[in-house]
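J.: Would you be able to build a 3D model of this:
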Amino acid sequence: MGNDIETLQALLKEDPSNFQARRELSFILVNNGFNEEAEGNLEYLCKYFPEDAELHYNLGIVYEKLKKFEKAKEVYKKAIEISPQEDFYYNLGEVLVDLKEWDEAEKCFKEVLKTDPNDPNCYFNLGLCYYNKGEKNKALDNFQKAVAINPKDVYAYFYLGYIYQNDGLINFAIDSYKKVLEVSPDYSWAYFNLGSIAFKNGNDEEAKEYLKKTIQFNPADCEAYKLLVKICLKNNEAEEILEILHTALEKEENGDLFYCLARVYKFIGDSEKYYDTLKHALQNPYTLSYPKDAVKNEFDSISKKIGKHEDLEPEHEVEEYKEDENDESFDEQEEDYEADEEEEYDEENEYEEYDNSDESDESEWDEDDSEDDEYEDDEEYEDDFSEDNSDEE
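T.: From the prediction side, this is the model:
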């Protein structure tokens, strides 16, 4: 690879107008992660060959990799204007999803389905568009079509589960989340949502197992720790949750986890450790999503008690598990999902010339061509979760 790049660069140094060498160099650069260099070469070529749809299409892929979505949108539109091809519409649709331009994205995926009516990624993306437009029934219909064609579509199953869960169709939600785990056994968000459902149904032991699985696959999921704290304290299992929290904090300090630990010490009446862990929570403000003024008030209150040598009375009740801000939590998860899918997209969408000879009326789905990069919407149902979670679901 290094020799190829050096050889082509040498040719271009001698003859900057050697367009074929520049094109080949661009392909090699982007396929090896040198996107900025490829970007410059392709922009140069597009100026000299403004009616070359392949160049605009490939430049769009590079812009996507660099997350320059507005630029990608424009060059994909140019490619479509020159030669309206299925791949061009699909990639434009993905960029419009990144930009949250749902109506325009919907049009692009419908164009793809005119020539490839069995593309599951298009149905997933249409479901995503409808979900974000508040058209729940259309979203459900398209997510169901996606999994009917591709039974391994984890993200479509997850969306189905989330919608069913919010509609109170718990059995359908559970089935969908379990489908997610059949395909992807390390999908922590599905474990969390199953855990929250079990908790609401009063199945504390089942909920604990799902939440422990959540932590196993995503040790940074503070919402799982929070719910575990509630369950363990409710069942007088303080020692178990203390061990879990201490193990997590040994790996990395976290304001939310210190606050969870403080609540456990408050519950068992250990004023000194309650004081210490509240202090540590306040010393980690960037990972403390609880209201900092409220935490500071708690800290001030226990400081006074300790100063007066007053004992901290153990608690006998656990605060109720609340539900609120579901939508906010889900939006945060969508952003995480998008980031994950963009990484997957970068790996799959190799920089290569669009070959018109490959065009056909076949309805076979090519995963590499249509894998969506931005699902961005994985979420969790729990409201408690919604208060602080940005990576769950």
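J.: What is the neighbour count of the nearest residue to residue 286 once chain neighbours are set aside?
T.: Among residues not flanking residue 286 along the chain, residue 255 sits closest, at 7.2 Å (C-beta to C-beta, 6 or more residues apart in numbering). Yep, even glycine has a C-beta here, placed from its N, CA and C like the rest. Neighbourhood size, residue 255 [other C-beta atoms under 10 Å]: 22.
J.: Which pLDDT value goes with residue 91?
T.: Residue 91 is assigned a predicted lDDT (pLDDT) of 96.
J.: From the contact counts, what lies against the helix or strand containing it?
T.: According to DSSP states H and E, residue 91 maps onto helix 86-98. With contacts taken as 3 or more C-beta pairs under 8 Å, 6 or more residues apart in numbering; DSSP states H and E, helix 86-98 sits against helix 53-65, helix 69-82, helix 102-115, helix 120-132, helix 326-348, helix 367-370.
J.: The same query, at a cut-off of 7 Å, please.
T.: Applying 3 or more C-beta pairs under 7 Å, 6 or more residues apart in numbering; DSSP states H and E, one finds that helix 86-98 contacts helix 53-65, helix 69-82, helix 102-115, helix 120-132, helix 367-370.
J.: Surely the residue nearest to residue 286 and residue 277 touch.
T.: No. At 10.4 Å, residue 255 does not count as touching residue 277 under the criterion of C-beta atoms under 7 Å.
J.: CA atoms of stretch 162-172 as CSV?
T.: Below are the C-alpha coordinates for stretch 162-172, written out as CSV (Å, rounded to 0.1, in the frame of the first residue of the first chain):
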residue,chain,number,x,y,z
TYR,A,162,-39.6,0.2,22.6
ILE,A,163,-42.8,1.2,20.8
TYR,A,164,-44.7,-1.8,22.2
GLN,A,165,-43.4,-1.0,25.7
ASN,A,166,-44.6,2.5,25.6
ASP,A,167,-48.0,1.3,24.3
GLY,A,168,-48.3,-1.1,27.2
LEU,A,169,-48.0,-4.2,25.0
ILE,A,170,-45.5,-5.7,27.4
ASN,A,171,-45.5,-9.3,26.1
PHE,A,172,-44.8,-8.0,22.5
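J.: For that stretch, buried residues please.
T.: For stretch 162-172, a neighbour-count test (16 or more other C-beta atoms under 10 Å) marks 162, 163, 164, 165 as buried.
J.: From those, which land in helices?
T.: Of these, the ones assigned to helices by DSSP state H are 162, 163, 164, 165.
J.: Pick the one among those residues closest to residue 81.
T.: The nearest member of those to residue 81, counting by C-beta to C-beta, is residue 163 at 36.6 Å.
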